[in-house]
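**Q** Sequence first, predicted model second:
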Amino acid sequence: MSMFSKEDIINLSTDSSFGKGEDYYESGCIKEITRTGNSFEGTVSGSYLYKVTLELENGNMNFQCSCPYAYGGLCKHEVAFALAILNGEYTEKIEIKPNPPADKAEFSKCFKNTDQKKKISFLKQLLDKDSDLQNQFVSFIKSGSEDLDEITGIEIDKIKESVHEQLASIDFDDIVENHDPYYAGHYDDDGYFDTANDEISDVFQPYKNKAIEYVKKGNLPDAVRIMLGLYEGIQNLPDFEDNEYEIFYESYDETALRLLREPFKEITDNIDQIVISDELTHKVLDLFFQRFEHIGSNYSDIDEEGDETLIYILKHFEKLFLSLIANKNTAGYFYKIIREKRLECLDMAFVLLKIAVLMEDEKMWIGMAEKFAGSEQKITKQLLEKYKSENKEKDFNRIAELAFSKWAGNFDLYLIDNLNKGSKKELYIKALRNYAAGKQSIAHYNELREYFNEAQKKEFADEIKKGYHEIFFVQLLEIEKRYEDILAFVRENKNMSYNFESIIAPIRNIYPDECFNMIKNKCNVALGEYNRNRKTYQRMTKWLKVMDRIESKQQETKQYIATLYGHKPNLPALKDEIRRAQLI
């Protein structure tokens, strides 16, 4: 069974964006798409290279595209992306599900009741199987007594200078001038985006590999020093304006930072897999914030001579911090640093929440969640779930109002499913209205209309019409039995609509003569087009299928289709499409 249909894509798009998206898809602008479970990720070449994602959840299609499109429905990149998925043009990643969490009570009991000799035997067998674990063990044992500088040898400044020099020397003009648009087997004039990205990522690769090697050996300080050197090295890069070609829509610094996220993620993913002593965690945190303060003190301002400035944005190290704090002891130590340096800011919101959980301080968690809920929708969701689980309806309703005012499109379905219709009827209707309009959901409109008077129904339909969702607009008119308005809309849009067969279908048996003639005229016009092709005939058969369901015009329809089938001169492609549509 298909995950979604072409009709679903059409219904979520404007006529313009769907048509452009089809052209993008057919011209080969889609880069590799990967699927993990119900998530799809890929890139589409347009004016720039755009990242597109799709999440399938409870029958809903949730798209995200990095392009600046801000009009109704899907953008053309999302349409092209969806068409590629619909045609199976993606690679499936095997989703490795983690083992279910161990029963902590059972483990604690077993560990407590097992003698020391047996524990040591188990540990020895683990260590014998893995040399990286052996190195971690040595680091774990020594970390409490050795000085940080005695077990590390990486100099942050040297990495920073080397990375900066390599990035600054990339010749992007040369990349564009030497790009072969036919290299991949089809015309791709924007392929130099990929080459430029690869050139930048290649600079990071050896440093990332070395950092991961250090992590596996338990040498966490050197791994973190490499991360800091990389981070500082991507700052103050030459502006793209110095190049003849503008390859990226962002600055060079922003481009390098975007591409650095993946190496950082790989390093921190490896940190999650190792055993770190509390003492070593404390020392690594000290190392980070010593550098943080050093940069803040020495590079915070650009002087009159234009010397470089360096900044540390803590949000960029969130994953590292979350990997480092693993228990109550390290959480408490980190919180002390945060308090001393007055860093209880939005960039540290998720770190502070994890600290509160590890310290088992519910009051702190609530306070932090309330503080940051207006800025982070994930925290808003967590807070809603918290109040819901504790049946604190007043608090739940208060945060629900906040969620809808800030991120209606992301919370409206959640609010529909969880609000008390009695106490929060007004908010419930707002969420229902927003969701029905945003997703063009007939099921939700049928519920919504029970709360609407006739004027509100008309106002809602007019809003949908302005958003260029013509199929949904006609569906609303059909529900309200506004057939004359559908006819007027079809007359107005019969020569422009990509969805002519969908908008005329509801009135085919109400105004049979006019519908028959409109379909016949459209087919005759299409047949006379100078540049007609198979796609023209495919559109015609869609219209003819509607004509074939006009009950009072069955004989005339058969005669007209037979005339088209026997067209002189012979049109083999048209005959083929008529047969495929089972119209003859």
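**A** Sure, I can see it.
**Q** which residues touch stretch 34-53?
**A** 3, 24, 29-33, 54-57, 63-67, 76-78, 80-81, 84-85, 90-93, 95, 188, 190-191, 193-194, 197, 248-249 (Cβ atoms under 8 Å, 6 or more residues apart in numbering). Where C-beta positions appear, they are placed from N, C-alpha and C, glycine not excepted.
**Q** Can you point out the buried residues in it?
**A** 35, 40-46, 48-53 (16 or more other Cβ atoms under 10 Å).
**Q** Widest-spaced pair of those?
**A** The most widely separated members of the buried residues of stretch 34-53, counting by Cβ to Cβ, are Arg35 and Tyr48 (23.8 Å).
**Q** Am I right that Ile578 is in contact with Ala562?
**A** No. With contact defined as Cβ atoms under 8 Å, Ile578 does not reach Ala562; the gap is 9.6 Å.
**Q** the more surrounded of those two?
**A** Neighbours were counted for Ile578 and for Ala562 using other Cβ atoms under 10 Å; Ile578 has more, 20 against 12.
**Q** Please name the residues that touch the more buried one.
**A** Residues near Ile578 by Cβ under 8 Å, 6+ apart: 537, 541, 544, 561, 564-565, 584.
**Q** Repeat the analysis, applying 6 Å as the threshold.
**A** 565, 584 (Cβ atoms under 6 Å, 6 or more residues apart in numbering).
**Q** quick one: what helix or strand has it in it?
**A** Element membership for Ile578 (DSSP states H and E) is helix 572-580.
**Q** Give the buried residues for that helix.
**A** For helix 572-580, by 16+ other Cβ under 10 Å, it's 574-575, 577-578.
**Q** Model confidence score at the nearest residue to Val203 once chain neighbours are set aside, please.
**A** Spatial nearest neighbour of Val203, excluding adjacent residues (Cβ to Cβ, 6 or more residues apart in numbering): Gln166 at 4.6 Å. We have a pLDDT of 94 for Gln166.
**Q** how close does Ile212 get to Leu322?
**A** Per Cβ to Cβ, to the nearest Å, Ile212 is found 18 Å from Leu322.
**Q** what does the helix or strand harbouring Glu161 contact?
**A** If you go by DSSP H and E, Glu161 is part of helix 156-168. Contact partners of helix 156-168, identified using Cβ under 6 Å, 6+ apart, comprise 203, 225, 228-230, 232-233, 237-238.
**Q** which of those count as buried?
**A** For the contacts of helix 156-168, buried by 16+ other Cβ under 10 Å: 203, 225, 228-230, 232-233, 237.
**Q** The nearest residue to Lys217 once chain neighbours are set aside in helix, strand or coil?
**A** Among residues not flanking Lys217 along the chain, Asn135 sits closest, at 3.7 Å (Cβ to Cβ, 6+ apart). What DSSP: H, G, I helix; E, B strand; the rest coil gives for Asn135 is helix.
**Q** I figured Asn135 was touching Gly218, is that so?
**A** Yes. Between Asn135 and Gly218 there is a contact at 4.9 Å, judged by Cβ atoms under 6 Å.
**Q** Looking only at neighbour counts, state which of the two leads.
**A** The neighbour count for Asn135 versus Gly218, taken as other Cβ under 10 Å, is higher for Gly218 (25 against 17).
**Q** who's in contact with Ser423?
**A** Counting by Cβ under 6 Å, 6+ apart, Ser423 touches no other residue.
**Q** and it, what element?
**A** Using DSSP H and E, no helix or strand contains Ser423.
**Q** Just list the residues touching Pro411, thanks.
**A** Pro isn't right for residue 411; it's Phe. Contacts of Phe411 (Cβ under 6 Å, 6+ apart): 403-404.
**Q** all strands for the stretch 101-250 of the chain, in order.
**A** For the stretch 101-250 of the chain, applying DSSP state E, counting those that start in this stretch gives no strands.
**Q** Let me fix that, I meant to ask about the chain.
**A** Applying DSSP state E to the chain gives strands spanning 34-36, 39-45, 49-57, 60-65, 91-92.
**Q** Listing partners with orientation, what would you give for the last one?
**A** Right, the one you point to is strand 91-92. strand 34-36 (parallel) (DSSP bridges).
**Q** tell me the mean pLDDT over the partner strand?
**A** On average, strand 34-36 scores 89.
**Q** roughly how far is it from the heart of the chain?
**A** Centre-to-centre, strand 34-36 and its host chain are 12 Å apart (Cα atoms, centre = their mean, to the nearest Å).
**Q** Buried by neighbour count, from the contacts of stretch 34-53: which ones?
**A** Among the contacts of stretch 34-53, the ones that count as buried by 16+ other Cβ under 10 Å are 24, 29-31, 33, 54, 56, 63, 65-67, 76-78, 80-81, 84-85, 90, 188, 190-191, 193-194, 197, 248.
**Q** How many neighbouring residues does the closest residue to Leu419 other than its chain neighbours have?
**A** Distances taken as Cβ to Cβ, 6+ apart place Tyr428 nearest to Leu419, at 4.8 Å, with adjacent residues excluded. Applying other Cβ under 10 Å, we find 20 residues neighbouring Tyr428.
**Q** Quick check: the gap between Tyr428 and Tyr387.
**A** From Tyr428 to Tyr387 the distance is 17 Å (Cβ to Cβ).
**Q** next one: Met227
**A** 37 Å.
**Q** who's more crowded, these two?
**A** Shown here are Met227 and Tyr387; by other Cβ under 10 Å, Met227 has more neighbours (24 against 20).
**Q** which residues sit in contact with the more buried one?
**A** So Met227 contacts nothing (Cβ under 6 Å, 6+ apart).
**Q** One more pass at 7 Å, please.
**A** If you count contacts by Cβ atoms under 7 Å, 6 or more residues apart in numbering, Met227 has them with 211, 264, 267.
**Q** Who are the contact partners of the last one?
**A** Right, the one you point to is Ile267. 208, 211-212, 215, 223, 227.
**Q** The first one too?
**A** With contacts defined as Cβ under 7 Å, 6+ apart, Ala211 is in contact with 223, 226-227, 267.
**Q** Please parse this protein into its domains.
**A** 6-92, 123-364, 389-451, 508-584 (automatic domain parsing).
**Q** Quick check: end-to-end length of the longest one?
**A** Between the opening and closing residues of domain 123-364 there is a gap of 37 Å (Cα to Cα, to the nearest Å).
**Q** per-residue pLDDT, Ala331?
**A** As predicted, Ala331 sits at a pLDDT of 96.
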